[in-house]
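**Student:** pasting the sequence and the predicted model now:
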Amino acid sequence: MPFIPHTDSDVRTMLDAIGARRIDDLFDEIPAALKSGPLDAVPPAVNEMEISRIMHERAERDGMPLNFIGAGAYEHHIPAAVWAITTRGEFYSAYTPYQAEASQGTLQMIYEYQTMLASLTGMEVSNASMYDGASALAEACLMAVRAHRKSKSARILLPATLNPTYRKVARAIAGMQEFTFDELPYDAATGRIRAESLAAFDGQDITALVIQQPNFFGVLEEVDELTRWARKNGTFIVAVVNPTSLALLKPPGKWGDNGVDIACGEGQPLGVPLSSGGPYFGFMTTRMEHVRQMPGRIVGRTLDLDGHPGFTLKLQAREQHIRRGKATSNICTNQGLLVTAATVYLTLLGPAGLERVASASHERTQELVRALTRIPGVRAKFSGPRFHEAVIELGRPAVGVVAALAERGIMGGLDLGTLYPELSEELLVCATETKTAADIEFFATALADVLKSARAA
Amino acid sequence: MSKIPSDLKYTKSHEWVRALPDGNVEIGISDHAQDALGDLVFVEVPEEGRKVAAGEAVAVVESVKAASDVYSPLAGEVFEGNANLAATPELVNQDPYGNGWLLRLKPADKSALAKLLDAAAYTKHLETEAH
């Protein structure tokens, strides 16, 4: 059943009223060369019964492996109430409604979300969400170049310790605008940016420095020192942070002497299931002085004519329905449903609950590293302090080890060689509060077995 | 009827230009423009030292209902933006030809000023626009 309410005669009447022959005529101004033509690679439609069967079969193929992979998306326990509340009819929409102010409940929910994210990151203002962590970083780079009006270079420093996928997405989205991205190497011993390597950029016009905390290797960067360098150099700081970790770590709003300019990241750890890679949501917060350059929607609290509190969309003059081509972005609130889940998740856990999740994840990862490094030949690769992920050196190519562990029902980590050729014998592993001591023991025993039989072979 | 001082020059996009005694110019938006925009809530003025072409967007004025670009009537180098507008954008509404000025510019070609509209021509332009 098509969900388009217009009949053929409705469409005809509308076209006649404006003097157009066909619907396609309405898109005449788009040059033919830019149109994609028929989508030949898209298979024919299937009905609900068929698609449901296909998806069940595919889900079964995944099985129920014991997961020790993080690398940007994290398996946390999601209280059953989170999605029971999120999927209530009153909340069940991905968007802010077209008559936004008529939906006070939705706006209040977004307002609460913004308040929590601003508070978690220690920043002054949050938007209503982004698509995901990687595109949030790309938007943060665009925003930094707009907001930093004294800098003319559009040069951005991307450390090698930043999630490689984020670097790729930032280049793909922001790269069309003649930005220059410079890479900063990581220190082979500690697994973090060498603060001294920034000296090479002293005095140069660098628009922004991106810092991921914890970084892609799970290591904690020296954020105060890096932030101070950037401030001294007149460089904006963009923080990419894990929201769970902020229950324990210093928020980006307090890095260095007066905090960062933009904080962003992946919101998935807050109540969103891993679900084959999405949908997730991104978040972004900033200082009030940069708010007019921020993309996305912003909900504010105000008083109505009778003096009653109410919620409203704020600063809409930045947005595409008013600013058109000069809008700060073309994003809206497409991840509203996931933002609802995150808001419910944070509300149910509270600050103390989130801190328990963060502490337990850190402790489990420390236990995991201890268990794995008891295996002969296996050691922790980097000496820098970590949050809830670690790089483990195996002494043999990780690719075969990962496959052998998968046969035993264990997703034993990310083979780093796929992203860093020099780390082909390294695994990036993660344990959250969902892993028990028995799970960790099971993994360690399996890994010892796999490595032993590999040596025997 | 909006005010149109006779000692200023104007553009069809509703900017005004005042020739300063030292050969530089001061630029703002007309009384008509501020009235059409409504109460301003934010003004973005250019950085000192920015070089602009004639017709290039040089400032942004944002009211509760719209954000609009202000186009530089002349080519030149900006040497001052009105810093008071950051905290008090309403100066543009209250005093568009005085304290509500937006920027000061060192023009690349002083003779270009003569080619802009005078008060009579701008008045006529407003009349035709109204019809």
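**Tutor:** Yes, it's here.
**Student:** would you check how far apart residue A:300 and chain B are?
**Tutor:** Remark: distance between residue A:300 and chain B (Cβ to the nearest Cβ, to the nearest Å) = 13 Å. C-beta here means a position set from N, CA and C on the backbone, and glycine is covered the same way.
**Student:** you'd agree that residue is up against residue A:115?
**Tutor:** No: counting by Cβ atoms under 8 Å, residue A:300 sits too far from residue A:115 to count as a contact (10.9 Å).
**Student:** up against chain A, what does chain B have?
**Tutor:** With Cβ under 8 Å from any Cβ of the partner chain as the criterion, chain B meets chain A at residues B:42, B:44, B:47, B:62-63, B:65-67, B:69.
**Student:** which one of these is nearest to residue A:423?
**Tutor:** Closest to residue A:423 out of these is residue B:47 (43.6 Å), distances taken as Cβ to Cβ.
**Student:** for that closest one, give its distance to residue B:114.
**Tutor:** 28 Å (Cβ to Cβ, to the nearest Å).
**Student:** residue A:120 now?
**Tutor:** Using Cβ to Cβ, residue A:120 is found at 59 Å from residue B:114.
**Student:** more crowded one of those two?
**Tutor:** Remark: of residue A:120 and residue B:114, residue A:120 carries more neighbours, 26 against 9, as counted by other Cβ atoms under 10 Å in any protein chain shown.
**Student:** and whichever strand or helix holds that one, what does it pack onto?
**Tutor:** Secondary-structure assignment from DSSP states H and E places residue A:120 in helix A:104-121. Packing partners of helix A:104-121 (3 or more Cβ pairs under 8 Å, 6 or more residues apart in numbering or on different chains; DSSP states H and E): strand A:125-126, strand A:282-286, strand A:299-303, strand A:309-313, helix A:336-373.
**Student:** any buried residues in it, and which?
**Tutor:** For helix A:104-121, a neighbour-count test (16 or more other Cβ atoms under 10 Å in any protein chain shown) marks A:106-114, A:116-121 as buried.
**Student:** do the same with stretch B:41-61
**Tutor:** Applying 16+ other Cβ under 10 Å to stretch B:41-61 flags B:42-46, B:50, B:52, B:54, B:58-61 as buried.
**Student:** and these, which two are furthest apart?
**Tutor:** B:42 and B:54 (25.0 Å).
**Student:** show me what counts as buried in stretch A:432-445.
**Tutor:** Quick answer for stretch A:432-445 (16+ other Cβ under 10 Å): A:432-435, A:439-440, A:442-444.
**Student:** just put those in CSV and tack on pLDDT, secondary structure and distance to chain B.
**Tutor:** Converted to CSV, the buried residues of stretch A:432-445 look like this (pLDDT from 0 to 100; DSSP: H, G, I helix; E, B strand; the rest coil; distance: Cβ to the nearest Cβ, whole Å):
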residue, pLDDT, secondary structure, distance to chain B
A:432, 98, coil, 43
A:433, 98, coil, 45
A:434, 98, coil, 47
A:435, 98, coil, 50
A:439, 98, helix, 54
A:440, 98, helix, 54
A:442, 98, helix, 59
A:443, 98, helix, 55
A:444, 98, helix, 58
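**Student:** what's the closest of the buried residues of stretch B:41-61 to chain A?
**Tutor:** Set against chain A, the nearest of the buried residues of stretch B:41-61 by Cβ to the nearest Cβ is residue B:42 (6.4 Å).
**Student:** residue in chain A nearest to chain B?
**Tutor:** residue A:317 (3.8 Å).
**Student:** now that residue: closest residue in space that isn't a chain neighbour?
**Tutor:** Counting by Cβ to Cβ, 6 or more residues apart in numbering or on different chains, residue B:67 is the residue found nearest to residue A:317 once chain neighbours are left out, at 3.8 Å.
**Student:** tell me the contacts of that neighbour?
**Tutor:** Neighbouring residues of residue B:67 by Cβ atoms under 8 Å, 6 or more residues apart in numbering or on different chains: A:317-318, A:322-323, A:326, B:42, B:60-61.
**Student:** JSON lines for these, including pLDDT, distance to residue B:74 and secondary structure?
**Tutor:** JSON lines is the format used below for the contacts of residue B:67 (pLDDT from 0 to 100; distance: Cβ to Cβ, whole Å; DSSP: H, G, I helix; E, B strand; the rest coil):
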{"residue": "A:317", "pLDDT": "80", "distance to residue B:74": "27", "secondary structure": "helix"}
{"residue": "A:318", "pLDDT": "83", "distance to residue B:74": "28", "secondary structure": "helix"}
{"residue": "A:322", "pLDDT": "80", "distance to residue B:74": "28", "secondary structure": "helix"}
{"residue": "A:323", "pLDDT": "80", "distance to residue B:74": "25", "secondary structure": "helix"}
{"residue": "A:326", "pLDDT": "81", "distance to residue B:74": "22", "secondary structure": "helix"}
{"residue": "B:42", "pLDDT": "93", "distance to residue B:74": "25", "secondary structure": "strand"}
{"residue": "B:60", "pLDDT": "93", "distance to residue B:74": "19", "secondary structure": "strand"}
{"residue": "B:61", "pLDDT": "95", "distance to residue B:74": "19", "secondary structure": "strand"}
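**Student:** adding distance to residue B:15, write the residues you listed out as a markdown table.
**Tutor:** A markdown table is the format used below for the contacts of residue B:67 (distance: Cβ to Cβ, whole Å):
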| residue | distance to residue B:15 |
| --- | --- |
| A:317 | 19 |
| A:318 | 23 |
| A:322 | 21 |
| A:323 | 20 |
| A:326 | 18 |
| B:42 | 18 |
| B:60 | 13 |
| B:61 | 11 |
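**Student:** point out where the chain drops to low pLDDT.
**Tutor:** Went with chain A since none was named. Chain A contains residues with pLDDT under 70 at A:1-3, A:333, A:457.
**Student:** should've been chain B
**Tutor:** If you take pLDDT under 70 as the line, chain B has these spans: B:1, B:131.
**Student:** can you pull out the strands in the stretch 101-250 of chain A?
**Tutor:** Remark: strands assigned in the stretch 101-250 of chain A by DSSP state E, counting those that start in this stretch are A:125-126, A:155-159, A:180-184, A:208-213, A:236-241.
**Student:** phi first, then psi, for the nearest residue to residue A:152 once chain neighbours are set aside.
**Tutor:** The spatially closest residue to residue A:152, leaving aside those adjacent along the chain, is residue A:205, at 6.3 Å (Cβ to Cβ, 6+ apart). Phi and psi for residue A:205, reported as degrees, to the nearest 10, are phi -80, psi 90.
**Student:** quick check, residue A:205 in contact with residue A:156.
**Tutor:** No: with contact defined as Cβ under 8 Å, residue A:205 does not reach residue A:156; the gap is 11.5 Å.
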